[in-house]
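Peer 1: my questions concern the predicted model and sequence given below.
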Amino acid sequence: ASLVVAGGHSPFASSASSSRMRQAVRESKREFCTWSDAIATLQAALQWESICRKEGRAAGQAWAASKNLSASRLSNFAKAKVHLLQDLRRAGLLTVDGCDG
């Protein structure tokens, strides 16, 4: 749902001009999931959030760059996730006990 809210934009580098760079992006995506782009994106976003939380934003940005990911798009996903969870709680569709944030 967060991916839909975020406009469906992939955080994986999409401005790859060379075939070598496009291949590197495909390999990075497969590192997170081999069968679904949406799940690969979700896995990348969750890992990025964890790194930012534990090691700080600069470490998250460096990690994202090393994985051919856009830190700004990952940040947008994180914001969309927070807003979506808040709205689900307000609507009574999600209890506080049912979510770790």
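Peer 2: Yep, it's here. Since we're looking at a predicted model, the values are computed, not measured. Numbering: from 1, shown residues only.

Peer 1: which residues of this structure fall in helices?
Peer 2: Listed in chain order, the helices of the chain (DSSP state H) span residues 2-5, 19-32, 37-55, 57-66, 71-90.

Peer 1: residues contacting the residue nearest to the spatial centre of the chain?
Peer 2: Centroid-nearest residue in the chain: residue 45, 2.3 Å away (criterion: CA atoms, centre = their mean). Contacts for residue 45 (CB atoms under 8 Å, 6 or more residues apart in numbering) come out as 2, 11, 74, 77-78, 81. Using the backbone N, CA and C atoms, a C-beta is placed for each residue, glycine as well.

Peer 1: so for those, which is the shakiest by pLDDT?
Peer 2: On pLDDT alone, residue 2 ranks lowest of the contacts of residue 45, at 56.

Peer 1: which residues sit in contact with residue 47?
Peer 2: Contacts of residue 47 by CB under 8 Å, 6+ apart are 32, 63.

Peer 1: relative to residue 41, how far out is it?
Peer 2: Residue 47 sits at a distance of 11 Å from residue 41 (criterion: CB to CB, to the nearest Å).
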